[in-house]
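[1] got a sequence here, can you model it:
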Amino acid sequence: MIRTTLALALAAGFLAAPAPGFMTAPASAAPLCDGTKLGFAGLLAKCNRGETVKLTLASGQPLYTGEGPVKLQSGAYYTLEITADGSAELAITGPQFLRAIWINEIVINSIEIRPMAIDSIEFDKAGVVEMSFIAIKPGTFDLHIPGTSGDTQKVEFTIQ
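    Below you'll find the model as predicted:
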């Protein structure tokens, strides 16, 4: 209500515009390549692709072997490759992260799935899942193995 009132007052000229740096919008993020090179593929263009993020689901092993959070650029296209070794029936979940991205497709055994949304992926035996997506909502999120609390059983994503 206060924002609406302030916006109406500014529009009507009752108030002066805020000083620079006051109530500014969050920093905007751009795709990895400039808009003139995106072409017909748009955000799915080859020049807009970030590095593949690789995770391993294995009993007693760390989920992610990289250091620190995985940094993603809002508006950029990524692939998440999850490999399960079959040592245990394991899942990976992270609804907040999975709602902060637009999932293009999930590929399992060369079968392409284009879901609206998912909460988790579970492996009953060894296999590989590739999920391609565009990072959308800035923030810090995680994917983790359900029922675990150790730092090695989760991976943190920061979308800038």
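[2] CA only for contacts and neighbour counts going forward, please
    Noted.
[3] just how off-centre is stretch 69-83 within its chain?
    On the basis of C-alpha atoms, centre = their mean, to the nearest Å, stretch 69-83 sits 6 Å off its chain's mean C-alpha point.
[4] hmm, who's touching that stretch?
    Defining contact as C-alpha atoms under 8 Å, 6 or more residues apart in numbering, one finds that stretch 69-83 is touched by 29-32, 43-44, 48-57, 126-138, 155-160.
[5] which parts of it are buried?
    Buried residues in stretch 69-83, defined by neighbour count with 16 or more other C-alpha atoms under 10 Å: 70, 72-83.
[6] again, but for stretch 109-125
    When neighbours are counted by 16+ other C-alpha under 10 Å, the buried residues of stretch 109-125 are found to be F123.
[7] please compute how far stretch 49-60 lies from its chain's middle.
    Here stretch 49-60 is found 14 Å from its chain centre; the criterion is C-alpha atoms, centre = their mean.
[8] what does that stretch contact?
    Outside stretch 49-60, the residues that touch it by C-alpha under 8 Å, 6+ apart are 32, 62-65, 70, 72, 76-88, 90-91.
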